[in-house]
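Peer 1: please find the sequence and the predicted model below.
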Amino acid sequence: SQKIEQNSEALNIQEGKTATLTCNYTNYSPAYLQWYRQDPGRGPVFLLLIRENEKEKRKERLKVTFDTTLKQSLFHITASQPADSATYLCALELYNQGGKLIFGQGTELSVKP
Amino acid sequence: ETGVTQSPTHLIKTRGQQVTLRCSSQSGHNTVSWYQQALGQGPQFIFQYYREEENGRGNFPPRFSGLQFPNYSSELNVNALELDDSALYLCASSLARDSVAKNIQYFGAGTRLSVL
């Protein structure tokens, strides 16, 4: 069956450390993988997109890797801050399915000062 | 702020009733998608509209229906509400289909629907 799974438990880290979130999928062949941030009571906000032929993407303190052999994406936040505390969602987009995202269940990140 | 607005923010209905949720897309966006997000879960794709036509549907029954208007605003209608329909309903808009930027979804804050 098709599945997309993220770290099932909440992630608690100390300010200044690197947070690493995992997204694994089975029986999908995505064209793109996206990461979104969602704060309580808000809709998801787009962070990064990586294509299936890209290995790594960076944006400021954020880094995403994409391994289509392992069917896994890792999302890193370096020098984490309490303001980074939120739920992070990964989402697959299949070929010719623009805008029809398949989301994981999300990982709640808490950064303590 | 994404420029996508949804109304109402909260809604309470009883089982069997019908509900209409509304979404105003970000300026310049002609594609709108609707998602259902249960508590503690990721959003689930309901359907997408492009230029007023349905353009793909997720695993939701026909009692979930939608409309897109010429100004690209949109409605989600749910008939014969069930308890399991209680969720956050998210609307997302994006740029034209043929643009690389079509992949990025701009979400509204959602409508919290409670079915009693």
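Peer 2: Ah, there it is. Numbering: from 1, shown residues only, chains lettered A, B, ... in the order given.
Peer 1: are we agreed that A:Ala83 is in a helix?
Peer 2: Yes - A:Ala83: assigned to a helix according to DSSP: H, G, I helix; E, B strand; the rest coil.
Peer 1: grab the nearest non-local neighbour of it.
Peer 2: A:Val111 (7.8 Å; CB to CB, 6 or more residues apart in numbering or on different chains). Any C-beta I mention is one placed from the backbone N, CA and C, and that applies to glycine too.
Peer 1: cool, and B:Glu75?
Peer 2: B:Leu67 (4.7 Å).
Peer 1: show residues contacting the helix or strand encompassing the one you found.
Peer 2: Here B:Leu67 sits within strand B:64-68, counting by DSSP states H and E. By CB atoms under 8 Å, 6 or more residues apart in numbering or on different chains, the residues outside strand B:64-68 that reach it are B:32, B:34, B:46-47, B:49-54, B:74-79.
Peer 1: who are the contact partners of residue 110?
Peer 2: Defaulting to chain A. A:Ala10, A:Leu11, A:Asn12, A:Ile13, A:Ser85.
Peer 1: wait, I meant chain B there
Peer 2: B:Gly110 neighbours (CB under 8 Å, 6+ apart): A:Arg42, A:Gly43, B:Gln6, B:Thr9, B:Gln37, B:Leu88, B:Tyr89, B:Leu90, B:Cys91.
Peer 1: which parts of chain A are strands?
Peer 2: Ranges of strands within chain A are A:3-6, A:11-14, A:19-26, A:30-38, A:45-51, A:56-59, A:62-67, A:72-77, A:86-94, A:102-103, A:107-112, based on DSSP state E.
Peer 1: include mean pLDDT when you put those strands into CSV, please.
Peer 2: Converted to CSV, the strands of chain A look like this (pLDDT from 0 to 100):
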stretch, mean pLDDT
strand A:3-6, 92
strand A:11-14, 96
strand A:19-26, 96
strand A:30-38, 93
strand A:45-51, 94
strand A:56-59, 96
strand A:62-67, 97
strand A:72-77, 97
strand A:86-94, 94
strand A:102-103, 95
strand A:107-112, 97
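Peer 1: which pLDDT value belongs to A:Ala10?
Peer 2: For A:Ala10, the model assigns a pLDDT of 92.
Peer 1: thinking again about what came up before, now a ChimeraX select for only the buried ones of the contacts of strand B:64-68.
Peer 2: Entered in ChimeraX, the line below selects the buried ones among the contacts of strand B:64-68, by 16 or more other CB atoms under 10 Å in any protein chain shown:
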select /B:32,34,46,47,49,50,74,75,76,78
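Peer 1: which ones among the contacts of strand B:64-68 map onto strands?
Peer 2: Per DSSP E, the subset of the contacts of strand B:64-68 in strands is B:32, B:34, B:46-47, B:49-50, B:53-54, B:74-78.
Peer 1: setting aside sequence neighbours, what's the nearest residue to B:Ile12?
Peer 2: With CB to CB, 6+ apart, the residue lying closest to B:Ile12 is B:Ser114, at 4.8 Å.
Peer 1: partners of the helix or strand the one you found falls within, with directions?
Peer 2: Assigning secondary structure by DSSP H and E places B:Ser114 in strand B:111-115. Here strand B:111-115 is paired, per DSSP bridges, with strand B:10-13 (parallel), strand B:87-94 (antiparallel).
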